[in-house]
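K.L.:
the following comprises the amino acid sequence and a computationally predicted model.
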Amino acid sequence: MTTTTGGSRQYRVNRAFLLPLGLLLGLTVVLLLVCLLQGQTGGKIIILGLMILPVGGLFVESLARRAEIGDEAVTVHKFLRRSSLPYAEITAVEAVRVRKRAFLSLSSLDHFLIFSNAYRDFPDLVRTLLAHVPDELVSADARALAADPPARSNDILSCWLAVGLMLLILVVQFVGGAQ
């Protein structure tokens, strides 16, 4: 759901992606703890430890990410930082579509912002952004994306598959560790 506060609209990353990503992170931590409790050493511990870093980083970053479309500027809030781009400074709006994955970029001389369809209510986000930008700055690809934006991406399915795989690995770890 998109929230509106004081003339601005806020968009967050889709919960349908955050749920399996959080589960994947939790299951990876559980597997690491199980391996440590079973007294395993070596490569498996190192790999799990290294896996937790990007998955944890992606989860925290996705959980904190918020796009705010105001009257004067668009602002992206990220974990411990934010980027703002006034509409008056925008020089180009481009779009790229790769299968069900879509990206909209806003560029200025010194700065750019990129939005993907990982945001909840992405079609509304695209239309709201384009309503604030002069038509001559919007590329044909961006107009096409606004006309038919993909609402979902395959990231959610991929994340659920990773959760299933991690569950399978945990089951095998418990069965193998019990022998």
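P.N.:
Looks like it arrived, so ask away. Numbers count the residues shown, from 1 in each chain.
K.L.:
where does this structure have low pLDDT?
P.N.:
1-6, 151-153, 177-179 (pLDDT under 70).
K.L.:
tell me which stretches of it form helices.
P.N.:
If you assign secondary structure with DSSP state H, the helices in the chain sit at 15-37, 43-64, 122-131, 140-147, 155-177.
K.L.:
only the buried residues of the last one, if you could.
P.N.:
Put plainly, it is helix 155-177. Of all the residues in helix 155-177, those buried under the rule 16 or more other C-beta atoms under 10 Å are 155-156, 159-160, 162-163, 166, 169, 173. Yep, even glycine has a C-beta here, placed from its N, CA and C like the rest.
K.L.:
try the first one
P.N.:
When neighbours are counted by 16+ other C-beta under 10 Å, the buried residues of helix 15-37 are found to be 17-18, 20-25, 27-29, 31-32, 34-35.
K.L.:
count of neighbours near residue 48?
P.N.:
Other residues lying near residue 48 total 19 when counted by other C-beta atoms under 10 Å.
K.L.:
quick revisit: redo the helices of the chain as JSON lines? Include distance to residue 89.
P.N.:
As requested, those are exported to JSON lines (distance: least, C-beta to C-beta, whole Å):
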{"stretch": "helix 15-37", "distance to residue 89": "30"}
{"stretch": "helix 43-64", "distance to residue 89": "25"}
{"stretch": "helix 122-131", "distance to residue 89": "14"}
{"stretch": "helix 140-147", "distance to residue 89": "17"}
{"stretch": "helix 155-177", "distance to residue 89": "30"}
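K.L.:
ok, so of the buried residues of helix 155-177, who is nearest residue 44?
P.N.:
For those, the closest approach to residue 44 (C-beta to C-beta) belongs to residue 173, at 9.0 Å.
K.L.:
which one of the helices of the chain lies closest to residue 86?
P.N.:
Comparing these under C-beta to C-beta, the one sitting nearest is helix 122-131, at 13.1 Å.
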